[in-house]
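Enquirer: My questions are about this predicted structure, shown below with the sequence.
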There are 2 protein chains.
Amino acid sequence: MKFMNLDKTAAYKRLKKLAKKFEKFDYAGALDAVTVRGCNVPITEHLHYNWAAKRIHPEVLAALQELADEQNIIEKYKALAGGAVYNTGERRKVLHHLTRGDLVGKVAERRKDLGLFYRNEFDRSYEIIDLIHRGQIVGSTGKLLRRIVQVGIGGSDLGPRALYLGLEGWASRFHHDKMKADFISNVDPDDGVKVLSSLNYEETVFILVSKSGTTQETLVNERMIRRKLTRMGMDPSKHFIAVTSQNSPLAKSKDYLCSFYIDDYIGGRYSATSVVGGIMMAFAYGHDAFREILRGAHDADLGALEPNIQNNAAALDALIGVWERNFMGYNCTAVLPYSQALLRFPAHLQQLDMESNGKSVNRAGKPVKYETGPVVFGEPGTNGQHSFYQLLHQGTGVVPLQFIGFEECQRCDDIEVDGSTSQKKLNANLAAQIVAFAKGKASSELNKNFAGGRPSSLIYGKQLTPKTLGALLAHYENKVMFQGFLWNLNSFDQEGVQLGKVLTKKALSGKSEDSVLDEYCKILGV
Amino acid sequence: MKFMNLDKTAAYKRLKKLAKKFEKFDYAGALDAVTVRGCNVPITEHLHYNWAAKRIHPEVLAALQELADEQNIIEKYKALAGGAVYNTGERRKVLHHLTRGDLVGKVAERRKDLGLFYRNEFDRSYEIIDLIHRGQIVGSTGKLLRRIVQVGIGGSDLGPRALYLGLEGWASRFHHDKMKADFISNVDPDDGVKVLSSLNYEETVFILVSKSGTTQETLVNERMIRRKLTRMGMDPSKHFIAVTSQNSPLAKSKDYLCSFYIDDYIGGRYSATSVVGGIMMAFAYGHDAFREILRGAHDADLGALEPNIQNNAAALDALIGVWERNFMGYNCTAVLPYSQALLRFPAHLQQLDMESNGKSVNRAGKPVKYETGPVVFGEPGTNGQHSFYQLLHQGTGVVPLQFIGFEECQRCDDIEVDGSTSQKKLNANLAAQIVAFAKGKASSELNKNFAGGRPSSLIYGKQLTPKTLGALLAHYENKVMFQGFLWNLNSFDQEGVQLGKVLTKKALSGKSEDSVLDEYCKILGV
């Protein structure tokens, strides 16, 4: 496989020229009903990507296809899914797709079938979860276990939390809400204490998630919880489940009711469909629901194998993102779900995208001379409309937008006011925003003038179900992966978090020789 | 008063030159313990702003002072607080400071003392709140009213919610947690239904907040709640309080237990210290706590009157922000509170900043030729460290950082592990991050190299109390106001939200002649 920096490709030069050529392209004028119908790509059977309101001229699209081909993004995807070492810095495979199903055949290592390993862990966990759901395993004081708390940080928190909140409404409607979940992530003691104050410990299962078994925040929070349980005369080992790697200090310890395993080939931010997200989701909504998430994700993974970018939503989304970042010069991306259930989905994407592609060196460790990952932020609509949309509409810079919407709400408890339901109002707002951003509206009073020309895309489906949620999650994972290929990055390590850890240790040991660190420690009472 | 665009000032030209001169300034090398101690400005007695890790050379500082003087920011602040029309587009005064106290004497209009009006509304509300707290006013079925739900969107939601969450831990420790609060904002019916499903309606007071009395989302959610109450045989008028303007359709209606008033001189995003935030805070934590918030905010307002920017934290923070935006070319700002209680404070700042200064025309409605408000985003630390900090440390662009921290946690239920409490670990992480971002660390393996030179500031205090929270809120309001003066904007209107409203109405009436809007409506099932 050939690896090239973005700016070494022939398509790069062509795209640079096209950016100049179409600088004044009136794409808002070109945006018509035919375009809207034409620019529609399935992610899966139940979820679509519409890119009509993006600033993409057919010539640009052709050049983006050329770029995709030149960078071999589909071949690289297949190689990655097949077990090639794509986490180059840490010399690791990248196998999160395998938790959802085989894409390009089996992946083995030292005769171990890794897909089978991941799936066996699910099956092992489902057995325990069923026993707990049925009351055949109870807490240390004999009470039914009714609640779960996920204790983890970063990828062990953001993705699982986004999934959990994403299906609360769906589950409540279909009576799949088996156990309420909470999350403790921050080392700030106020985080854990707040969550714990709302719990009956006797009825709670804590899922401790740390791949390395050494995450400071998570281990400290575990100690805090164990101490509280012990003081109340309970046996913590009957209330804790570990999710970790087989060679971690937590593995096979008697301190846990049971342990489930993950390996180094699934990075934290890609672990929502592994046991990291799966066990808590199966506890909360049953394993059938989690299996549907996996099916939706696998369907999206299969769709992302398509070489024609006009039929491959993840690749197209990735390429348009690169067009906007490197050729239009936009630095940020806003994710705007018109679905309250996706409240924390932008926070997950923020990690997924910024931690994967917020890098300045390529996969071989050489500096790149072009911009890479953008800043990602977002809040649900319509809330954002009453907040930061002012800048999006009339600010001095352009922020590309990624809308997400669904025809139906999840809880199906709606009210008709003035001839329309709330769900209709929600989606009328969404449709109106796409048009307002694209087309603007001239006014002679310039503070009321909307220049338009602000590009957006829309991911939409009938309803946010486990299957569509899985597809949505995988779509963005694949988009970020493709962008990593286009930028020639290693999207799977995170060396940028290390220095902070080293200095924190120095600060805590009090042996810091750095006088600046000492001064800040004093200010902060450390 | 003289109003000038930023690029017409003499300081602008000087700063442009300085940006070039100090392009390669090794400010990380210049960052030493003496600087840390020296770059410390009080916001109030209990809250400080430290800007040692910002990229500010003494010559730059002098030019920023010159800019402040040239743009007359202190005189403009006094004029604004004194009742001059600073919301130029809508021809309105800007009086949120007055809810906290008189800054420059009384402000009257047609013989009405407006400060007195705001304070009387607080006093009226405290009477009712006390009666409800004491059980002398009960719900329509005779039950004690124990919970509140704020129904509002934008400024009626984000600021109040940030304040409420900001003091939950403090209140629980000192037994000031009188009533639990929830919030319904989104028109997405899943938002309201989720909140309502956790309530006992008989024990709940709903605070309906809409200044105009016409906010679509809020009125629809009110209808939904009223219908549910009626169906359960309850009298909604005994469970609803209105916060609105005196001339709104909701004012003096018998549909409400009582109504409290605000006026057009307090914009939504500046209304957290008016009855919009005050009533729910007084319900939740008692009016003494809310009065402390006002005191803290007023203290910060007084501090912001200081003409020497080295003694005026809000002005200095504003000027450094302009330096970074217009001279260093940075487009985003991250707000990173090392306090889980400030979980939603960045979302409030996102509105405050982006809705105030995300504009392309000056206060007279003429286009400006420089960048204005940045994109603002953020999440609490240490969570963010395990998420998007990768890009902040090693991404291709620089994002200026605003850290917030407190010596003590709120709930004071902490655990010592490996020789330090969780609170110490939290703050050791914070200190380490500031140093890591500023100084970096060279490595021959470039994926492990930290270039440093990434500027940050730190706001810190002993503990997050009502008073410090009020000061923190006011600090940012004043910072944003000063930036508006520097950029010569009207920071107090939001015309950018109007077009979406117009198109939404078209979409809902089905009478849209815009074929693009129609197509998007079809896609979204409207």
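Expert: Arrived safely.
Enquirer: Burial check on A:Lys24, number of neighbours?
Expert: Close neighbours of A:Lys24, defined as other Cβ atoms under 10 Å in any protein chain shown, add up to 7. Quick note: C-beta positions are derived from backbone N, CA and C, even for glycine.
Enquirer: can you check A:Tyr460 too?
Expert: With other Cβ under 10 Å as criterion, A:Tyr460 counts 23.
Enquirer: Surely it touches A:His48?
Expert: Yes: look at A:Tyr460 against A:His48 with Cβ atoms under 8 Å: they come within range, at 5.7 Å.
Enquirer: Now do the contacts for the residue lying closest to A:Val104 once chain neighbours are set aside.
Expert: Distances taken as Cβ to Cβ, 6 or more residues apart in numbering or on different chains put A:Gly82 closest to A:Val104, at 4.5 Å, once the chain neighbours are dropped. By Cβ atoms under 8 Å, 6 or more residues apart in numbering or on different chains, the contact set of A:Gly82 is A:Leu103, A:Val104, A:Gly105, A:Val107.
Enquirer: So the third one versus A:Phe388, what's the distance?
Expert: So the one you mean is A:Gly105. 46 Å (Cβ to Cβ, to the nearest Å).
Enquirer: Now do the same for the residue in chain A sticking out farthest from the centre: its pLDDT.
Expert: Farthest-out residue of chain A from its mean C-alpha position, per Cα atoms, centre = their mean: A:Ser444, at 42.5 Å. pLDDT recorded at A:Ser444 is 93.
Enquirer: Checking my notes, it in a strand, right?
Expert: No: looking at A:Ser444 with DSSP: H, G, I helix; E, B strand; the rest coil, it is coil, so not inside a strand.
Enquirer: Would you mind listing what in the stretch 1-150 of chain A touches chain B?
Expert: A:Leu31, A:Asp32, A:Ala33, A:Val36, A:Arg37, A:Asn50, A:Ala52, A:Gly89 (Cβ under 8 Å from any Cβ of the partner chain).
Enquirer: Alpha carbons only: can I get the helix or strand encompassing A:Phe117 in PDB?
Expert: Secondary structure assigned from DSSP states H and E places A:Phe117 in helix A:114-133. Presented in PDB, the C-alpha positions along helix A:114-133 are these (Å, rounded to 0.1, in the frame of the first residue of the first chain):
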ATOM      1  CA  LEU A 114     -10.000 -12.100  17.400                       C
ATOM      2  CA  GLY A 115     -13.600 -11.600  16.100                       C
ATOM      3  CA  LEU A 116     -14.500 -14.700  18.000                       C
ATOM      4  CA  PHE A 117     -12.800 -13.400  21.100                       C
ATOM      5  CA  TYR A 118     -14.800 -10.100  21.000                       C
ATOM      6  CA  ARG A 119     -18.000 -12.000  20.400                       C
ATOM      7  CA  ASN A 120     -17.300 -14.500  23.100                       C
ATOM      8  CA  GLU A 121     -16.900 -11.700  25.600                       C
ATOM      9  CA  PHE A 122     -20.300 -10.400  24.600                       C
ATOM     10  CA  ASP A 123     -21.900 -13.900  25.100                       C
ATOM     11  CA  ARG A 124     -20.200 -14.400  28.400                       C
ATOM     12  CA  SER A 125     -21.400 -11.000  29.600                       C
ATOM     13  CA  TYR A 126     -25.000 -11.700  28.400                       C
ATOM     14  CA  GLU A 127     -25.200 -14.800  30.600                       C
ATOM     15  CA  ILE A 128     -24.300 -12.800  33.700                       C
ATOM     16  CA  ILE A 129     -26.600  -9.900  32.700                       C
ATOM     17  CA  ASP A 130     -29.500 -12.300  32.300                       C
ATOM     18  CA  LEU A 131     -28.900 -13.900  35.700                       C
ATOM     19  CA  ILE A 132     -28.900 -10.400  37.200                       C
ATOM     20  CA  HIS A 133     -32.000  -9.300  35.300                       C
END
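Enquirer: Which neighbouring elements make contact with that helix?
Expert: strand A:258-262, helix A:275-285, helix A:287-303 (3 or more Cβ pairs under 8 Å, 6 or more residues apart in numbering or on different chains; DSSP states H and E).
Enquirer: Can you give me the buried ones in it?
Expert: A:114-115, A:117-119, A:121-122, A:124-126, A:128-129, A:132-133 (16 or more other Cβ atoms under 10 Å in any protein chain shown).
Enquirer: and if you look at stretch A:322-341?
Expert: Within stretch A:322-341, judged by 16+ other Cβ under 10 Å, the buried ones are A:322-328, A:330-341.
Enquirer: ok, and which of those reach chain B?
Expert: Counting by Cβ under 8 Å from any Cβ, the members of the buried residues of stretch A:322-341 near chain B are A:Asn331, A:Cys332, A:Tyr338, A:Ser339, A:Gln340, A:Ala341.
Enquirer: How much space separates the fifth one from B:Ser185?
Expert: Counting by Cβ to Cβ, the gap from A:Gln340 to B:Ser185 is 9 Å.
Enquirer: any residues in contact with both of those two?
Expert: With Cβ under 8 Å, 6+ apart as the test, A:Gln340 and B:Ser185 both reach B:Asp191.
Enquirer: which stretches of the stretch 101-250 of chain A form helices?
Expert: Along the stretch 101-250 of chain A, counting by DSSP state H, counting those that start in this stretch, helices occupy A:114-133, A:158-174, A:189-197, A:216-231.
Enquirer: Same list (these) but as a markdown table, adding distance to B:Val94 and mean pLDDT.
Expert: Shown next, in a markdown table, are these (distance: least, Cβ to Cβ, whole Å; pLDDT from 0 to 100):
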| stretch | distance to B:Val94 | mean pLDDT |
| --- | --- | --- |
| helix A:114-133 | 56 | 97 |
| helix A:158-174 | 37 | 97 |
| helix A:189-197 | 35 | 97 |
| helix A:216-231 | 42 | 97 |
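Enquirer: So which of the ones you listed is nearest B:Gly405?
Expert: helix A:189-197 (12.6 Å; Cβ to Cβ).
Enquirer: ok, and does that closest one reach over to chain B?
Expert: Yes: against chain B, helix A:189-197 shows contacts by Cβ under 8 Å from any Cβ at A:Pro189, A:Asp190, A:Asp191, A:Gly192, A:Val193, A:Lys194, A:Ser197.
Enquirer: Return a ChimeraX selection command for the buried portion of the residues you listed.
Expert: Typed into ChimeraX, the next command selects the buried ones out of the residues of helix A:189-197 next to chain B (criterion: 16+ other Cβ under 10 Å):
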select /A:189,190,191,192,193,194
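Enquirer: how about CSV for the residues of helix A:189-197 next to chain B, with distance to B:Val435 added?
Expert: Formatted as CSV, the residues of helix A:189-197 next to chain B follow (distance: Cβ to Cβ, whole Å):
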residue, distance to B:Val435
A:Pro189, 23
A:Asp190, 24
A:Asp191, 24
A:Gly192, 27
A:Val193, 29
A:Lys194, 29
A:Ser197, 34
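Enquirer: Quickly list the domain ranges of chain A.
Expert: A:6-23+A:52-70+A:307-410+A:431-485, A:99-292, A:497-526 (automatic domain parsing).
Enquirer: and the last one, is it in reach of chain B?
Expert: Read that as domain A:497-526. Yes: using Cβ under 8 Å from any Cβ, domain A:497-526 comes into contact with chain B via A:497-504, A:506-508, A:514-521, A:523-526.
Enquirer: still on that earlier bit, which residues outside the helix holding A:Phe117 are in contact with it?
Expert: A:83, A:93, A:95, A:98-99, A:101-102, A:106-108, A:137, A:145, A:178-179, A:205, A:241, A:257-258, A:260-263, A:265-266, A:274-275, A:278-279, A:282-283, A:286-287, A:290.
Enquirer: Repeat that for stretch A:27-37.
Expert: Everything outside stretch A:27-37 that qualifies as a contact, by Cβ under 8 Å, 6+ apart, is A:50, A:52-53, A:55-57, A:438-440, A:452-453, A:455, B:515-516, B:518-520, B:523.
Enquirer: which residues sit in contact with the closest residue to chain B within the stretch 51-200 of chain A?
Expert: Nearest to chain B in the stretch 51-200 of chain A, going by Cβ to the nearest Cβ, is A:Gly154, at a distance of 2.8 Å. Applying Cβ under 8 Å, 6+ apart to A:Gly154 gives the contacts A:Ser185, A:Gly268, A:Arg269, A:Gln351, B:Asn383, B:His386, B:Ser387.
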